[in-house]
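take a look and give me a structure for this.
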Amino acid sequence: MIAVITDHGSDDLFMGVLKGNFSYLIPKEEIIEVTRPINFGDSYVASCIAERLACHLPKSTIFMIVVDGQNESARRPIGLRTKDDRIFIGFDNGTFTLPIERFGLKQIREIDVPKVKFSLSFTRSVLDILIPVTVDLSNGRNFESIGSIYMTFYDLKHKKAEIADDGIRGEISFVNERGDISTNIPFDYLEKMGLSQEDKLRVNGKPSSISLDRRAGRKNELIVCEGLGGYVEITSRYLRAEDILKLPPRSEIVLEV
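Numbers count the residues shown, from 1 in each chain. Prediction:
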């Protein structure tokens with residue numbers, strides 16, 4: 001299985017070209033595509049999506065992260081092997097940050113690029129470098145053969161969730177199309193605070209309750225539940241949680257007990 005995580009929308013011609021290449025090179029392999037809610041060039045959200053997706057797919061899945069980052073090394077093709085042998089292929093733009101934090105780092109290698117294939121073009125780099133390496137790995141190629149050890153990879157700086165005196169502090173990781181808010185707060189932090197199903201709390205001052213059933217909330221009440229990857233997700237039965245809190249991504253979230 002190959003999972004393609006990209007900031008190019010599913011209606012974009014680019015995604016069609018990627019899937020067409022995979023269909024031609026490895027027709028029997030299942031391809032999963034994730035394009036939302038990743039905005040163009042947003043390496044942080046792509047990293048969040050890659051980490052959470054990897055929690056729910058087989059370890060044998062190869063994750064190809066196709067995001068055009070903004071840092072100086074953002075077009076350098078690299079591969080990640082985690083401590084539990086998950087494989088990620090992409091560019092050195094920080095998208096490996098959260099998978100490394102979740103699964104640990106075994107090694108990162110810079111993908112060998114033949115001079116005839118080298119290009120500053122993002123599209124050509126994806127088609128001529130990332131896809132062939134991903135296909136080779138899917139066909140059984142040894143990870144260590146893709147290139148030499150790469151030590152100075154780009155690490156995204158981001159805020160981590162913490163348990164504080166006034167509750168649990170974290171931030172909004174991303175917002176989906178329904179207006180549900182995914183945070184960087186591990187759901188088990190609620191258990192560490194002695195909270196459980198149906199307990200009441202406040203999210204940035206707004207009335208909320210913990211529930212496994214997203215349909216259980218009252219009007220204008222936020223529901224705090226467990227989202228993908230084991231992180232706190234904030235939703236609402238009647239309104240968009242995004243509209244209730246009126247906060248942009250990366251804003252601070254405080255769960256007040």
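
show the end-to-end separation of stretch 161-174, please.
Stretch 161-174 has an end-to-end distance of 15 Å (C-alpha to C-alpha, to the nearest Å).

check the offset of stretch 199-213 from the chain's centre.
Centroid separation for stretch 199-213 versus its chain: 25 Å, with C-alpha atoms, centre = their mean, to the nearest Å.

could I get the buried residue list for that stretch?
Leu201, Val203, Asn204, Lys206, Ser208, Ser209, Ile210, Ser211 (16 or more other C-beta atoms under 10 Å). Quick note: C-beta positions are derived from backbone N, CA and C, even for glycine.

and the gap between Arg218 and Lys200?
11 Å (C-beta to C-beta, to the nearest Å).

common neighbours of those two, please.
Jointly contacting Arg218 and Lys200 under the rule C-beta atoms under 8 Å, 6 or more residues apart in numbering is no residue at all.

that older thread, out of the buried residues of stretch 199-213, which two sit at the greatest distance?
Using C-beta to C-beta, the pair of those lying farthest apart is Asn204 and Ser211, separated by 18.0 Å.

out of the buried residues of stretch 199-213, flag the one nearest to Ile31.
For the buried residues of stretch 199-213, the nearest to Ile31 is Ser211 (34.9 Å; C-beta to C-beta).

check contacts around that closest one.
Ser211 neighbours (C-beta under 8 Å, 6+ apart): Gln197, Glu198, Gly217, Ile223, Val224, Cys225.

so which one among those has the lowest pLDDT?
Lowest in pLDDT among these is Gly217, which has 64.

in stretch 68-88, what counts as buried?
Neighbour count says stretch 68-88 has 68-69, 73-82, 86-88 buried, by 16+ other C-beta under 10 Å.

any weak-confidence spans in the protein?
Within the chain, the stretches with pLDDT under 70 are 10-11, 115-119, 216-217, 219.

what distance do you get for the one residue sitting closest to the centre of it to Phe88?
Geometric centre of the chain, nearest residue: Ile49, 1.8 Å, by C-alpha atoms, centre = their mean. Remark: distance between Ile49 and Phe88 (C-beta to C-beta) = 12 Å.

quick revisit: which one of the buried residues of stretch 68-88 sits closest to Ile5?
Closest to Ile5, out of all of the buried residues of stretch 68-88 and judged by C-beta to C-beta, is Phe88, at 9.2 Å.
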